[in-house]
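Engineer: return atomic coordinates for the entry below.
(4 chains)
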2 protein chains.
Amino acid sequence: MPRSKNSSSAKNGPVTLAMVAARAGVSPQTVSNAINSPGMLRPETLERVSRVIEEMGYRPSRAAQTLRTRSSKLIGYGILPTLSSNPVLDRFLHALSQAADEAGYRILLFACPPGGPTLQGYEELLDQHKVDGFVLSGTARNDPRQAWLAKRGVPFVAFGRIWSGRQIGDWVDVDGASGTDAAVEHLVALGHRKIAFLGWERGSGSGDDRAEGWQRAMRRHGLPTRGRRAQTVGDIDAARTAVKPLLDAGATAVIAASDMLALGCYQSLRERGAAPGRDVAVVGFDDSPTAENLFPALTSVAQPLEEVGRECVRLLLARIATPDAPPERLLLEPSLVVRDSSGAAGDGTADSTESAE
Amino acid sequence: MPRSKNSSSAKNGPVTLAMVAARAGVSPQTVSNAINSPGMLRPETLERVSRVIEEMGYRPSRAAQTLRTRSSKLIGYGILPTLSSNPVLDRFLHALSQAADEAGYRILLFACPPGGPTLQGYEELLDQHKVDGFVLSGTARNDPRQAWLAKRGVPFVAFGRIWSGRQIGDWVDVDGASGTDAAVEHLVALGHRKIAFLGWERGSGSGDDRAEGWQRAMRRHGLPTRGRRAQTVGDIDAARTAVKPLLDAGATAVIAASDMLALGCYQSLRERGAAPGRDVAVVGFDDSPTAENLFPALTSVAQPLEEVGRECVRLLLARIATPDAPPERLLLEPSLVVRDSSGAAGDGTADSTESAE
DNA sequence: GTGCTTGGTTTTAGCGTTCCAAAAGCGTTT
DNA sequence: AAACGCTTTTGGAACGCTAAAACCAAGCAC
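Structural biologist: Below is the predicted model:
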């Protein structure tokens, strides 16, 4: 027997604590307690109040709560301009939002100016919206954000390590080295020995990390790395050129620091009439949406973005709860998604020896 | 001579209206007026108050403003789970956030459950956070959201038309038909006559729209469409199969309803030893990040997402300002991004007649 | 009986804004 | 001088909530 429409109906404005209190025959504070510390009420009273809350579809006003408690249950996230939009971060944002929601928090976006994030954006969200904390992403070398936030005691978590200088605050990151290491293992198991690495110019934190994993795995297998590594800037044409010497040197497999670079490798191979996956194995990094749609589908190292999102929220909430706890840092394992480009497609046998030449 | 650190310093908590008032020697109300209706103050007073505001780095508390004015300057946006993450919508979100920020609004995310958006999420944002309006995306046939929001008088704008039944509320959309029409024009100019269309199964609003543009352009040029159209579900393998009859029928160009479908077409061509762009021209839709990285780079119809974002914000704010104004609907023009896959690469001459066979 | 808990509830007092009505300031007019 | 407009400024009150303190039975000891 539902008496009133549950949930705030269109016109008469939203239900308030006081209305619930009046209807339940208790004081407003008791209703507040019913929600925030139910254990404080006599079971019988709790029952009654809860029923009225349910019945009237009452939902506390966050504005009033924020004003009183100075906590907004909001997490700030700076989103880059459309141009610098990045599939990995986009997927991360979805995961983040979901994880936050499950914890009763919400993500409040603010737009980073094209030149990269500025501190002003953070300051505004902090002062105006009283966000409880921030999630940082796309952290660069000498990023000022961590130090700035730490100095004012604002809780934050970064997706991405700090590569230079001393560590500040909590972060969650993906172990790139472990990813490329696994890629080497995969290729070695398929019989490859001449495994090259196509990476970014030295100095990019995650780029060097990914190179490092390749190198250590090669060393472990007693395979030479000299002359098997090339550096390039991010774009695809540069990659196509940069990979040439590696192919000339007879590499039978190339591990790239990104799917983009792997694509440059595809193109370089095609230029010389070779087929990626059949003649030379190619492995990418990030498992971007493109990867599975390429021909041949690109084997790639996938970052566990759902997990990164969940952990970011977990760490941030922990930091909010206990601001002085020692920092926590998490290095998550990526996973290798094997597709045709690493040549494992046929029926398990290694190398090539498969189709016509 | 800056006396105090401007902007809220770490410890002493944020600056309030009252503090500013005290320092400027006026009442709090006057400070409020200085911000909200500056014309009301004597120029001299305004000057003084403004200086103190600046000096102390005062920023109004949105929570208090929201409580008082019942308007949060927040726009709600339901974000899909990681799995259904979609590059077009992701880029749209970046644009949206930027446009909102510029108008003094912020985007508040809430996570849609995996099964698609539910009304509960909207209701919560409305009751709890007092969002001023919503931006909808990924609207489906018989989407209940528009009707629901309209019924309770909540301002909203949809990115995407309503394809079935009567129109409700404001929307911004991209004219898909115009995009495929332009694609036909482009191909005809290159000398193509047998231009096929690879689309989704009938019933998808935007799919039918894109088909329609192809059809009308073909008709305009007196070219037959019978036997030149195929339908398929979204995935790439299905597309590869579905396009076969079109190629068998001698199509020299294929326009696909999405980049994904275009990829299926690439694969189908390769299977028969033909090269996309050289032997058969291919045009995709959406200009996804993948498109420019493919080999050959895919000619594709790009949606003006920046503009869509801007217009969504503009329409939404207009709706908030005048709830009873007649609905506004905007159909924006996409643009054809010409790349190698349409075979215009060489030096302008049409058809093929270019490289070895 | 007085005092002393103890658990459950209410009262009071804001949190930082803005709305509203009322009060000053002040130049003109009666 | 008082009365009248006009502009500018101010003093509550209220928005919806919760922290903190006060209250109020019972119960229980002495």
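
Engineer: break chain A into its domains for me.
Structural biologist: If you go by automatic domain parsing, the domain ranges for chain A are A:17-60, A:72-174+A:306-334, A:176-303+A:337-342.

Engineer: so which of the ones you listed comes closest to DNA strand C?
Structural biologist: domain A:17-60 (3.4 Å; CB to the nearest atom of the strand). C-beta coordinates here come from the backbone N, C-alpha and C atoms, glycine included.

Engineer: now check that closest one, is it near chain B?
Structural biologist: Yes - counting by CB under 8 Å from any CB of the partner chain, chain B has neighbours in domain A:17-60: A:Arg59, A:Pro60.

Engineer: gap between that domain and the chain center?
Structural biologist: The chain centroid and the centroid of domain A:17-60 are separated by 39 Å under CA atoms, centre = their mean, to the nearest Å.

Engineer: show me what from the stretch 51-200 of chain A comes close to DNA strand D.
Structural biologist: Contact residues (CB under 7 Å from any atom of the strand) of the stretch 51-200 of chain A with DNA strand D: A:Tyr58, A:Pro60, A:Ser61, A:Ala64, A:Gln65, A:Leu67, A:Arg68, A:Thr69.

Engineer: what about the fifth one, distance to chain B?
Structural biologist: Using CB to the nearest CB, to the nearest Å, one gets 8 Å for the distance from A:Gln65 to chain B.

Engineer: against which helices or strands is the lowest-mean-pLDDT helix or strand in chain A packed?
Structural biologist: Ranked by mean pLDDT, DSSP states H and E, the helix or strand of chain A with the weakest confidence is helix A:289-293, at a mean of 85. Here helix A:289-293 touches helix A:259-271, helix B:289-293, going by 3 or more CB pairs under 8 Å, 6 or more residues apart in numbering or on different chains; DSSP states H and E.

Engineer: strands of the stretch 151-300 of chain A, start to end?
Structural biologist: A:156-159, A:170-174, A:195-200, A:229-232, A:253-256, A:281-285, A:299-302 (DSSP state E, counting those that start in this stretch).

Engineer: let me know how buried the residue of the stretch 251-357 of chain A found nearest chain B is, in neighbour terms.
Structural biologist: Here the stretch 251-357 of chain A gets closest to chain B at one residue, A:Thr290, 4.1 Å apart by CB to the nearest CB. Other residues near A:Thr290 come to 25 when the count uses other CB atoms under 10 Å in any protein chain shown.

Engineer: how about it, what does it touch?
Structural biologist: Applying CB atoms under 8 Å, 6 or more residues apart in numbering or on different chains, we find A:Thr290 in contact with A:Asp259, A:Leu263, A:Leu298, B:Pro289, B:Thr290, B:Asn293.

Engineer: A:Val233 too?
Structural biologist: Neighbouring residues of A:Val233 by CB under 8 Å, 6+ apart: A:Trp200, A:Glu201.

Engineer: deepest of the domains of chain A, which one?
Structural biologist: Comparing those by mean neighbour count (mean count of other CB atoms under 10 Å in any protein chain shown), domain A:176-303+A:337-342 comes out on top with a mean of 21.

Engineer: looking at the contacts of A:Thr290, which one is closest to B:Glu333?
Structural biologist: Set against B:Glu333, the nearest of the contacts of A:Thr290 by CB to CB is B:Pro289 (21.4 Å).

Engineer: before we move on, the earlier item: with mean pLDDT and distance to DNA strand C as new columns, can the strands of the stretch 151-300 of chain A be given to me in TSV?
Structural biologist: Shown next, in TSV, are the strands of the stretch 151-300 of chain A (pLDDT from 0 to 100; distance: least, CB to the nearest atom of the strand, whole Å):
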stretch	mean pLDDT	distance to DNA strand C
strand A:156-159	98	22
strand A:170-174	97	28
strand A:195-200	95	46
strand A:229-232	93	51
strand A:253-256	96	51
strand A:281-285	96	47
strand A:299-302	97	46
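
Engineer: for those, give me a markdown table that also has distance to A:Cys112.
Structural biologist: Below are the strands of the stretch 151-300 of chain A laid out as a markdown table (distance: least, CB to CB, whole Å):
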| stretch | distance to A:Cys112 |
| --- | --- |
| strand A:156-159 | 15 |
| strand A:170-174 | 19 |
| strand A:195-200 | 22 |
| strand A:229-232 | 27 |
| strand A:253-256 | 28 |
| strand A:281-285 | 24 |
| strand A:299-302 | 26 |
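
Engineer: show me the shaky parts of the stretch 201-350 of chain A.
Structural biologist: Within the stretch 201-350 of chain A, the stretches with pLDDT under 70 are A:344-350.

Engineer: run the last query once more with 90
Structural biologist: A:202-205, A:233-237, A:267, A:270-271, A:273, A:275, A:277, A:289-296, A:343-350 (pLDDT under 90).

Engineer: which residue packs closest to A:Arg59, ignoring adjacent ones?
Structural biologist: B:Asp127 (4.0 Å; CB to CB, 6 or more residues apart in numbering or on different chains).

Engineer: just checking, that neighbour touches A:Pro14?
Structural biologist: Yes - with contact defined as CB atoms under 8 Å, B:Asp127 and A:Pro14 form a contacting pair (5.4 Å).

Engineer: got a list of what A:Val337 touches?
Structural biologist: By CB under 8 Å, 6+ apart, A:Val337 lies in contact with A:Asp287, A:Ala291, A:Glu292, A:Thr299, A:Ser300, A:Val301, A:Ala302.

Engineer: check those and tell me the two furthest apart.
Structural biologist: For the contacts of A:Val337, the maximum inter-member distance is 13.4 Å, found between A:Glu292 and A:Val301 (CB to CB).

Engineer: secondary structure element holding A:Ala34?
Structural biologist: Assigned by DSSP states H and E, A:Ala34 belongs to helix A:28-36.

Engineer: show me what that helix is packed up against.
Structural biologist: helix A:17-24, helix A:43-56.

Engineer: report the backbone C-alpha coordinates of it in PDB.
Structural biologist: Taking Å, rounded to 0.1, in the frame of the first residue of the first chain, the C-alpha atoms of helix A:28-36 are listed here in PDB:
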ATOM      1  CA  PRO A  28      15.200  15.500  12.300                       C
ATOM      2  CA  GLN A  29      18.300  14.400  14.100                       C
ATOM      3  CA  THR A  30      16.900  11.000  14.700                       C
ATOM      4  CA  VAL A  31      16.300  10.600  11.000                       C
ATOM      5  CA  SER A  32      19.900  11.700  10.300                       C
ATOM      6  CA  ASN A  33      21.000   9.100  12.800                       C
ATOM      7  CA  ALA A  34      18.900   6.500  11.200                       C
ATOM      8  CA  ILE A  35      21.000   7.000   8.100                       C
ATOM      9  CA  ASN A  36      24.400   7.700   9.400                       C
END
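
Engineer: now tell me what touches that helix from outside.
Structural biologist: Residues contacting helix A:28-36 (CB under 8 Å, 6+ apart): A:17-18, A:20-21, A:24, A:40-41, A:45-46, A:49-50, A:53, A:60.

Engineer: what is the orientation angle of that helix with helix A:17-24?
Structural biologist: Helix A:28-36 and helix A:17-24 are oriented at 100 degrees to each other (axes from the mean of the first three to the mean of the last three CA atoms, to 10 degrees).

Engineer: wondering if helix A:28-36 reaches DNA strand C at all.
Structural biologist: Yes - under the criterion of CB under 7 Å from any atom of the strand, DNA strand C is reached by helix A:28-36 at A:Pro28, A:Gln29, A:Thr30, A:Asn33.

Engineer: right, is that helix up against DNA strand D?
Structural biologist: Yes - using CB under 7 Å from any atom of the strand, we find that helix A:28-36 touches DNA strand D at A:Pro28, A:Gln29, A:Ser32, A:Ile35, A:Asn36.

Engineer: could the residues you listed go into a markdown table alongside pLDDT?
Structural biologist: Shown next, in a markdown table, are those (pLDDT from 0 to 100):
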| residue | pLDDT |
| --- | --- |
| A:Pro28 | 95 |
| A:Gln29 | 95 |
| A:Ser32 | 97 |
| A:Ile35 | 96 |
| A:Asn36 | 95 |
